[in-house]
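> 3D, please:
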Amino acid sequence: MKRAVIYARYSAGSGQTDQSIEGQVRECKKYLKQNKLQLVDVYADRHITGRTDRRPEFLRMIDDAKSGTFDVVVVYTTDRFSRSKYDSVVYKKKLKDAGVEIRYAAENIPEGPEGVLLESLMEGWAQYYSEELSRKIQRGMHDSALKCRVTGSTCPIGYRVSADRTYEIDPDVAPHVRRAFQLFLDGESFTGIGRYLAEHDVKTGKGNPFNCTAIRRMLTSRQYIGEYHWSDVTIEGGMPAIVSEDVFHMVQNKIKKEHPSHSKSAEYYLSGKLFCGLCGSNYKGISGTSKTGAKHLYYKCTGSDCDAPNIPARRFESFIADEVAAFVRDPEMLDAVTDKIYAIWEDRQEKSPGGETQPGEKKTTK
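The predicted model follows:
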């Protein structure tokens, strides 16, 4: 009796559930029983498109095939295996080299040249359907954007989705956004604004506390003066304004002066990543010229009343680089980090199965 495994998959989307996996596995088990195949294992990827090969269970199955633990892979239909013609050819070749054949529970593909042609046509149709669906979705989102409708799953802080899927001001949160802009004009640091927002239970769209990067992003977003943005669509007045243009432009001028963007301070490699141990404020890059005309780079704490000394940029950057390199080269530490990252990913998969990124197979360490 040949040994077989089942591979099942369903794509990302709010309407996709584990019932799809259960149904595929149920039909595949019927096929196994009718064809006298012994079930060895079940591989299932949830909320992952078949247009990518970055599917943990799929890659685990391909790797397990090399060990000779099964002879047949049974999938419900050809598009469950892959919606990419290229990936389909590549991974079927890997399975064939390992002595493993593929069968389909819901599609009767005959053996011989006719079967090869039919299977190729069905794979091509699966890829066409996937790409055409993607184009239709993009067209639909573009049309929605032209009507200034919400195209994403989250709103900028201070807004909510109206009945007609447009943005409207959230009366409970918008005042805190206005207050954040005013606090910055009054001299408050990003860290202080973060504390204010935390005290009033205002969090980012992902439900996290505001850090300095998120606060900067909020204070520089032109959506707050009513500009609607999606991809290449920009519509002035496409959404209600929360702050006035005067306040917004004063904030932008102050940010440019006190918090230069990374693109204009690329020589400061730790910009946005270095925070004061005394007051918690972020450091910014500054420079000075000596009597000899030599230019010296420093990191300076942005806290208004902080006495932390300036840090020589190049010396400190070299120190950090050496420490990171030593950390990365430590095999035990690298294994621990790898395991921790994978554990976090698994936890997020269970809590938020609709996540966008899908890492590959877990690295096995010895």
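> Low-confidence regions, the stretch 51-200 of the chain specifically.
Scanning the stretch 51-200 of the chain for pLDDT under 70 picks out the ranges 85, 108-138, 153.
> All the strands of it, residue numbers only.
Assigned by DSSP state E, counting those that start in this stretch, the stretch 51-200 of the chain shows strands spanning 72-75, 101-104, 159-161, 167-169.
> want to throw those into CSV with distance to Arg139 and mean neighbour count?
Glycine gets a C-beta too; all of them are placed from N, C-alpha and C. Output for the strands of the stretch 51-200 of the chain, formatted as CSV (distance: least, CB to CB, whole Å; neighbours: other CB atoms under 10 Å):
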stretch, distance to Arg139, mean neighbour count
strand 72-75, 31, 23
strand 101-104, 32, 17
strand 159-161, 21, 18
strand 167-169, 21, 18
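> For Ala214, which of those strands is the nearest?
Checking the strands of the stretch 51-200 of the chain against Ala214 by CB to CB gives strand 159-161 as the closest, at 15.6 Å.
> Output the strands of the stretch 51-200 of the chain as CSV; include the columns distance to Gln38.
Below are the strands of the stretch 51-200 of the chain laid out as CSV (distance: least, CB to CB, whole Å):
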stretch, distance to Gln38
strand 72-75, 9
strand 101-104, 14
strand 159-161, 51
strand 167-169, 57
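> out of these, nearest to Arg60?
strand 72-75 (12.3 Å).
> Given that closest one, what are its sheet partners and their directions?
strand 3-9 (parallel), strand 101-104 (parallel) (DSSP bridges).
> Would you tell me which of these gets closest to Gly207?
Nearest of the strands paired with strand 72-75 (CB to CB): strand 3-9, 28.3 Å.
> about what we covered before: out of the strands of the stretch 51-200 of the chain, which is closest to Gly288?
That would be strand 159-161 among the strands of the stretch 51-200 of the chain, by CB to CB, at 43.2 Å.
> contact partners of that closest one?
150, 155, 167-170, 174, 223, 239-240, 242 (CB atoms under 8 Å, 6 or more residues apart in numbering).
> Any idea how far it is from the middle of the chain?
Relative to its parent chain, strand 159-161 has a centroid offset of 22 Å by CA atoms, centre = their mean, to the nearest Å.
> got it, and stretch 71-86?
With CA atoms, centre = their mean, you get 26 Å for stretch 71-86.
> cool, and stretch 315-335?
For stretch 315-335, the distance to the chain centre is 26 Å (CA atoms, centre = their mean).
> Counting neighbours, which bits of it end up buried?
For stretch 315-335, a neighbour-count test (16 or more other CB atoms under 10 Å) marks 316-317 as buried.
> thinking again about what came up before, make TSV from the strands paired with strand 72-75 and add distance to Ile311 to it.
Converted to TSV, these look like this (distance: least, CB to CB, whole Å):
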stretch	distance to Ile311
strand 3-9	51
strand 101-104	60
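> Which one, of those, ends up nearest to Ala343?
Nearest of the strands paired with strand 72-75 to Ala343, taken as CB to CB: strand 3-9 at 23.1 Å.
> Report the mean per-residue pLDDT for the closest one.
For strand 3-9, mean pLDDT is 95.
> Identify the residues contacting Glu267.
Per CB under 8 Å, 6+ apart, neighbours of Glu267: 285, 297, 313.
> correct me, but the second one touches Thr289?
No: under the criterion of CB atoms under 8 Å, Leu297 is not in contact with Thr289, lying 10.9 Å apart.
> more neighbours, those two?
Neighbour count, other CB atoms under 10 Å: between Leu297 and Thr289, Leu297 has more, with 19 against 9.
> what number of residues lie near the closest residue to that one other than its chain neighbours?
Closest residue in space to Leu297, ignoring its immediate chain neighbours: Ala313 at 3.7 Å, by CB to CB, 6 or more residues apart in numbering. Neighbourhood size, Ala313 [other CB under 10 Å]: 23.
> Wait, Ala313 touches Gly285, no?
Yes: assessed by CB under 8 Å, Ala313 is found in contact with Gly285 at 6.6 Å.
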